[in-house]
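**Q** Attaching a predicted model along with its sequence, questions to come.
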Amino acid sequence: SQTIHQWPATLVQPVGSPLSLECTVEGTSNPNLYWYRQAAGRGLQLLFYSVGIGQISSEVPQNLSASRPQDRQFILSSKKLLLSDSGFYLCAWRRGGRDNEQFFGPGTRLTVL
Amino acid sequence: DQQVKQNSPSLSVQEGRISILNCDYTNSMFDYFLWYKKYPAEGPTFLISISSIKDKNEDGRFTVFLNKSAKHLSLHIVPSQPGDSAVYFCAASHPSGNTPLVFGKGTRLSVIA
């Protein structure tokens, strides 16, 4: 069976500090990978997605970046965090092709002070 | 332009009664639809899906109905239970399967005992 891991679960960082959130998927190969953010009381905002190693598509301009150094590893980074980066960050995976479900990780609560 | 719309941000239902959550979409190319349930501080969990070749899919207390001509789908929960209280997201998929799911903004369901 497939599992998706995210860490850390919670993070409190000062404004201007760097960020690295990690996501790994087990039990599948060549998954499509996604990073979402849910701000307080808001919907799911797609930040980045990747259909393969080194392939990153960005959905919104921001001071965040993503990388996929390995097939089942997806990393969300920032060089300098802003207050507006606070939120609940979710990683997800999905098989390519038609009619497939998408599965989410447990999320990381980021608070920027 | 919001391609998937959940026009009711919240819904309250008595325990034991039916909950009906609605979702509208604008892109006629969508051919696969999914519902997710999300508790606070957790990742969304997949609930039920429907392909555009069907108009109904049932799984226990959950039934999804699809009306392609109206570009409308609904999730019925019968009977509603307090544990169903959560935010429900509707999502739609393109035939390629590699483009990201398009999510609605969610409906918060409260089931009152």
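**A** Thanks, I have the structure now. All of these numbers come straight from a predicted model, not from anything done at the bench. Numbering: from 1, shown residues only, chains lettered A, B, ... in the order given.

**Q** Just the terminal-to-terminal distance for stretch B:14-21.
**A** Start and end residues of stretch B:14-21 are separated by 14 Å (Cα to Cα, to the nearest Å).

**Q** Please enumerate residues in contact with that stretch?
**A** For stretch B:14-21, the external contacting residues (Cβ atoms under 8 Å, 6 or more residues apart in numbering or on different chains) are B:6, B:8, B:11, B:13, B:35, B:74-82, B:84, B:88, B:90, B:107, B:109, B:111-113. Backbone N, C-alpha and C define where each C-beta goes, glycine included.

**Q** Which of the residues in stretch B:24-39 are classified as buried?
**A** Residues B:24-25, B:30-38 are the ones in stretch B:24-39 that count as buried (16 or more other Cβ atoms under 10 Å in any protein chain shown).

**Q** Can you tell me which of the contacts of stretch B:14-21 are classed as buried?
**A** Buried members of these, scored by 16+ other Cβ under 10 Å, are B:6, B:11, B:13, B:35, B:74-77, B:80, B:84, B:88, B:90, B:107, B:109, B:111.

**Q** and A:Gly97, what pLDDT?
**A** Per-residue confidence (pLDDT) for A:Gly97: 79.

**Q** If you could redo that for A:Ser58, that was the one I meant.
**A** Note on A:Ser58: pLDDT of 89.

**Q** all strands for the chain, in order.
**A** No chain specified, so I'll use chain A. A:3-7, A:10-13, A:19-26, A:32-38, A:45-52, A:55-58, A:64-70, A:73-78, A:87-94, A:102-104, A:108-112 (DSSP state E).

**Q** Actually, chain B is the one I wanted.
**A** Applying DSSP E to chain B gives strands spanning B:4-5, B:10-14, B:19-25, B:32-38, B:45-51, B:56-59, B:62-67, B:72-77, B:86-93, B:102-103, B:107-112.

**Q** a markdown table for those, including mean pLDDT?
**A** Listed next are the strands of chain B as a markdown table, based on pLDDT from 0 to 100:
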| stretch | mean pLDDT |
| --- | --- |
| strand B:4-5 | 95 |
| strand B:10-14 | 97 |
| strand B:19-25 | 98 |
| strand B:32-38 | 97 |
| strand B:45-51 | 96 |
| strand B:56-59 | 98 |
| strand B:62-67 | 98 |
| strand B:72-77 | 98 |
| strand B:86-93 | 96 |
| strand B:102-103 | 94 |
| strand B:107-112 | 97 |
